[in-house]
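sequence isn't available, so here's the structure alone:
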Ligand code: XMP
């Protein structure tokens, strides 16, 4: 029914319009506050603060850093299927007790082939050891960083460089036994061999130590880091999903600006029908009706946020959206009845907003701006007048990526042409250090916010949080005032 009376139009609030009301608190130290949140009903993140699946925010480096810290990276989709698969594989391989398919080169290869292999497979610089195998995959030797350090001649056969006297073990060895064997032989790599001498895997000391160095890391049952990856709703989306599932992705993200659409619902149904065991996060939406429709179509997590993002111009360009605090609150209320967690996406400028998002009932949050400035985000560091910056591009901005994509399709992309209207901006933002620095400062603020709310964990926060609405004067009072900040 069309609305005819302005009093029928509901008020919607953003994070800055409200404050959490302080409550009697059982918390003695903020270290005791547990912020773990559910990404899906089965995936719990010790640090439920996720970098946005945007081109200038999350690729493999960010995904690895965040999974190690207890979160998860969601690889963006603004690249070819092969590239996205590579990012997923890089995360799945980086930290695992047993590397099931160690990088191997044939015993006919030369030194120059190592660089070619690294480039072809998009390997991280830190990958530096390769097994040398014969034509039936029997192990002949191993080439490590150490072996390569002094070698210059690109034509030198790897069999002349490799170490061939090797300590090996059976694939049944456990972590403790492997650690003992490697320590007693002072070795860093332990190839695992089947009875016939073929390669069954590789254990590295670095992986064993790393698993103790990051006790909060988000891992799958095989000890590999968790990673998610995005797909769209048109064109190659099913082909992309299939390749990502094959690559071992732990969660797929259906990424569309208007998630309450037939396109998103049909995509979700198709993906869930084909891969019922793969969890699917879908968004973005801003209403209870949307949550209901997506829940009924099989969503495992719903991403909420239409227009709150710092690089978004959707609300200005198309006039649609819902202020984020209200959107999260209303979506959470509906999601509860379906047992689905809500992800609050966008508009988190500081730890206070993050605390409010969790208090409104979100289980996880997504941040673009805050992580785009990190050393692990894609893109170069820019130094200007002695200050450091990184690029931050809205996914719907006329970004280099989209221009590149259009070029690859043999056409020029111009705003307003081809039905394309930008709903985001490109910008530079201050360099913020490592992802760990950003996480630490957010986690500190969120834990304190939860302590003010009287909550020891997110479940208690969701039950206990109360809010007040504030006026412009209240907001002014909240910020430093009547002084000059130095
Ligand atoms: P923050 O505030 O953390 O928000 O920078 C990140 C979220 O913003 C969304 N996003 C966009 N929304 N146009 C939009 O309307 C865009 O170009 C755009 N790019 C990103 C997205 O949900 C992201 O996670």
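Okay, I see it. These numbers were taken from a predicted model, which means no experiment stands behind them.

what does stretch 425-443 contact?
35, 47, 49, 51, 62, 65-66, 69, 71, 311, 313, 351, 354, 367, 369-376, 381-382, 384, 387-394, 397-399 (C-beta atoms under 8 Å, 6 or more residues apart in numbering). To be clear about C-beta, it is placed using only N, CA and C from the backbone, and glycine gets the same treatment.

buried subset of those residues?
35, 47, 49, 51, 62, 65-66, 69, 71, 311, 313, 351, 354, 367, 369-376, 389-394, 397-399 (16 or more other C-beta atoms under 10 Å).

elements contacting the helix or strand encompassing residue 365?
Using DSSP states H and E, residue 365 falls within strand 364-367. Where contact means 3 or more C-beta pairs under 8 Å, 6 or more residues apart in numbering; DSSP states H and E, strand 364-367 is packed against strand 49-51, strand 342-345, helix 351-359.

quick one: closest of these to the ligand.
strand 342-345 (4.5 Å; C-beta to the nearest ligand atom).

list the neighbouring strands of that closest one plus their orientation.
strand 301-304 (parallel), strand 364-367 (parallel) (DSSP bridges).

for these, give me CSV that also has mean pLDDT and distance to residue 249.
Formatted as CSV, these follow (pLDDT from 0 to 100; distance: least, C-beta to C-beta, whole Å):
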stretch, mean pLDDT, distance to residue 249
strand 301-304, 98, 14
strand 364-367, 98, 17
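
output those strands as JSON lines; include the columns distance to residue 269.
Listed next are those as JSON lines, based on distance: least, C-beta to C-beta, whole Å:
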{"stretch": "strand 301-304", "distance to residue 269": "15"}
{"stretch": "strand 364-367", "distance to residue 269": "23"}
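
closest one to the ligand among those strands?
Checking these against the ligand by C-beta to the nearest ligand atom gives strand 364-367 as the closest, at 4.4 Å.

can you name the next helix or strand after the closest one?
Counting by DSSP H and E, what follows strand 364-367 is helix 369-372.

ok so, going back, just name the most buried of the helices and strands packed on strand 364-367.
Mean neighbour count (mean count of other C-beta atoms under 10 Å) peaks for strand 342-345 among the helices and strands packed on strand 364-367, with a mean of 30.

check the offset of stretch 39-56 from the chain's centre.
6 Å (C-alpha atoms, centre = their mean, to the nearest Å).

change the start of the numbering to 7 and stick with it
In the new numbering, first residue 7, that becomes stretch 45-62.

what residues sit buried inside that stretch?
45-46, 49, 51-62.

for stretch 138-148, same thing?
Buried residues in stretch 138-148, counted by 16+ other C-beta under 10 Å: 138, 139, 145, 146, 147, 148.

check the residue of the stretch 57-206 of the chain at minimum distance from the ligand and give its pLDDT.
Closest residue of the stretch 57-206 of the chain to the ligand, C-beta to the nearest ligand atom: residue 58 (3.3 Å). Note for residue 58: predicted pLDDT of 98.

doesn't residue 373 make contact with it?
Yes - with contacts counted by C-beta atoms under 8 Å, residue 58 reaches residue 373, the gap being 6.2 Å.

still on that earlier bit, what would the helices and strands packed on strand 370-373 look like in JSON lines with distance to residue 95?
Below are the helices and strands packed on strand 370-373 laid out as JSON lines (distance: least, C-beta to C-beta, whole Å):
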{"stretch": "strand 55-57", "distance to residue 95": "19"}
{"stretch": "strand 348-351", "distance to residue 95": "25"}
{"stretch": "helix 357-365", "distance to residue 95": "31"}
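
so what would you say the end-to-end distance of stretch 343-359 is?
Stretch 343-359 has its terminal residues 25 Å apart, counting by C-alpha to C-alpha, to the nearest Å.

ok, it near the ligand or not?
Yes - applying C-beta under 6 Å from any ligand atom, one finds stretch 343-359 touching the ligand at 351, 352, 353, 354.

for the residues you listed, which one is nearest the ligand?
residue 352 (3.5 Å).

what about stretch 386-396, near the ligand?
No - with C-beta under 6 Å from any ligand atom as the criterion, the ligand is not reached by stretch 386-396; the gap is at least 12.7 Å.

show residues contacting that stretch.
62, 378, 379, 380, 381, 383, 385, 397, 434, 435, 436, 437.

let me know the closest of the residues you listed to the ligand.
residue 378 (7.3 Å).

quick one, what contacts the closest residue to that closest one other than its chain neighbours?
Ranked by C-beta to C-beta, 6 or more residues apart in numbering and with sequence neighbours excluded, the top spatial neighbour of residue 378 is residue 398, at 4.0 Å. Going by C-beta under 8 Å, 6+ apart, residue 398 touches 62, 63, 316, 317, 374, 375, 378, 379, 432, 433, 434, 435.

next, the buried residues of stretch 87-101.
For stretch 87-101, by 16+ other C-beta under 10 Å, it's 87, 90-101.

residue 167: which of these is nearest?
residue 99 (23.3 Å; C-beta to C-beta).

let me see the contact set for the residue in the stretch 207-356 of the chain that the ligand sits nearest to.
The nearest approach of the stretch 207-356 of the chain to the ligand comes at residue 315, 2.2 Å away (C-beta to the nearest ligand atom). Residues near residue 315 by C-beta under 8 Å, 6+ apart: 58, 351, 352, 353, 374, 375, 400, 430.
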